[in-house]
Every structure is written in structure tokens, then in C-alpha cells.
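Participant: no sequence for this one, just the structure:
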């Protein structure tokens, strides 16, 4: 597609439920990133995928968080047993290659609210 | 460890004023990249500029200019003759070559009043 697409744009869920957030990167972009932006805060790195390499999961805050990327394209971020502190905007970005040489293109994000 | 500090949480100016957004970074690496992103109210982050650590030449793009000074570890962003459409949150970010993690500052919320 023309840009990075994320769905849903908004998600309200009850504490303890699982949620799945989807990211559709720009076609041909091999690198995909997930970030989290809490209210009034900067962006917190979560996970990085590059081609068929093993993902860099170093930013995932707990084992309730996981992500996969199927066929080197679409990615799904899953949060199990959601907690109120998980409420944030989850941003996905993609780039042609490992990002230092290219700017990221970000999606519009998924605003997750855990009630 | 890499770190980015944007000390200005919020700035408010009147249209046509010039405004500078500060960014100070920390890194042990000699090769790194610095970025500025704009996040308008719509929420989508917009890439503005990328600068590598070996290029200290200042850059101007229309009303935007960037001042990179390695001696003070700063990468400041100036908007000349600000406009209401410049109202947004601006993020400075740092990436080291061997890290996958692009570290963002906390952002500066700029409000330009008519």
C-alpha cells in the first residue's frame, strides 16, 4: 500500500482480555518496528523485524507481549491478559532496510484503552 | 547507553515568531544518526530530517533549519516565521549503527497561536 496501515485505530478492552493489533507495512519494506507511546511520553521501542532474521524482542516489557510477522509482511502484536498500564498508542513503522540509513514511515497507530 | 533529552516540554509562540526546539543526546558511539519527527494532532509521525554523525553541516529546508553541534551533543531545530500549521509535538531521535532501537526524546509540544 501507499503507507503503513494499522488496525484497529481504536480498541477498548476489559482488563484481563487478550488483544491483537495489526500492522500492514509498505510493500517491499523489509524492516518493521513496533513502538509504544504512553500519554504525554516519547516512543518506547518494543520489537524489530528484519527480513527472515530472528526479531529483536529486547524492548518487550513483559512476557504478556508477543509479536509475529508472517511472510515478511503483515505483523501482529499480541498483548495477553491486558492491564491498565498497557493503555497507550501502539505505533508501527517500516523502512526499506535497517533504519539508520533510511527514515521510518510510521502508521497512524492503534489507541488501546484497557478499562 | 543512548539517550535523548528534549528539555522543553511545551512551547507556545505567536504566529510569525521564530522558535528553536532543543535536543541533546548521549552516545558512546562515533557513528550514529539523528532524526527529527513531527507528530501533528492526527497522530501520525512525519519524518523531517536525518543526519549522520560525520556530517555537521547545518541544513535549511524552507522555514526549517537544523543546527548539529557534536561539541555540545546537540541537534537543535529552528522554525522561522512559525505558522499555526506548525503546531504539533516534535520528537528528536538517536540511532546507533549497531542498535535496532531508535531512541526518542520525550517530545516538545509546540503551539503556534494566530
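Facilitator: It's in. Given the structure is predicted, the values throughout are model-derived calculations rather than measurements. Residues are numbered from 1 along each chain as shown, chains lettered A, B, ... in the order given.

Participant: Could you pull out the strands in chain A for me?
Facilitator: Using DSSP state E, the strands of chain A run over residues A:5-7, A:10-13, A:19-24, A:31-37, A:43-50, A:65-69, A:75-79, A:88-95, A:105-106, A:110-114.

Participant: now these in JSON lines, with distance to chain B and mean pLDDT?
Facilitator: Heads up, the C-betas are built off the backbone N, CA and C, glycines and all. Below are these laid out as JSON lines (distance: least, C-beta to the nearest C-beta, whole Å; pLDDT from 0 to 100):
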{"stretch": "strand A:5-7", "distance to chain B": "10", "mean pLDDT": "96"}
{"stretch": "strand A:10-13", "distance to chain B": "11", "mean pLDDT": "97"}
{"stretch": "strand A:19-24", "distance to chain B": "13", "mean pLDDT": "97"}
{"stretch": "strand A:31-37", "distance to chain B": "8", "mean pLDDT": "93"}
{"stretch": "strand A:43-50", "distance to chain B": "4", "mean pLDDT": "91"}
{"stretch": "strand A:65-69", "distance to chain B": "13", "mean pLDDT": "96"}
{"stretch": "strand A:75-79", "distance to chain B": "15", "mean pLDDT": "97"}
{"stretch": "strand A:88-95", "distance to chain B": "7", "mean pLDDT": "93"}
{"stretch": "strand A:105-106", "distance to chain B": "4", "mean pLDDT": "90"}
{"stretch": "strand A:110-114", "distance to chain B": "8", "mean pLDDT": "96"}
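
Participant: In its sheet, which strands sit next to the helix or strand bottoming out on mean pLDDT in chain B, and in what direction?
Facilitator: Between all helices and strands in chain B, the lowest mean by mean pLDDT, DSSP states H and E belongs to strand B:59-61, at a mean of 86. Strand B:59-61 has the following sheet partners, assigned by DSSP bridges: strand B:64-69 (antiparallel).

Participant: Tell me the helix or strand right after the strand it pairs with.
Facilitator: Sequence-wise, the next helix or strand downstream of strand B:64-69 (DSSP states H and E) is strand B:74-79.

Participant: between that following strand and strand B:64-69, how many degrees?
Facilitator: Angle of strand B:74-79 versus strand B:64-69, following axes from the mean of the first three to the mean of the last three C-alpha atoms, to 10 degrees, is 160 degrees.

Participant: do the helix or strand following strand B:74-79 and chain A meet?
Facilitator: Scanning forward in sequence from strand B:74-79 by DSSP H and E, the next helix or strand is strand B:88-96. Yes - if you take C-beta under 8 Å from any C-beta of the partner chain as the test, strand B:88-96 does meet chain A, through B:91, B:93, B:95-96.
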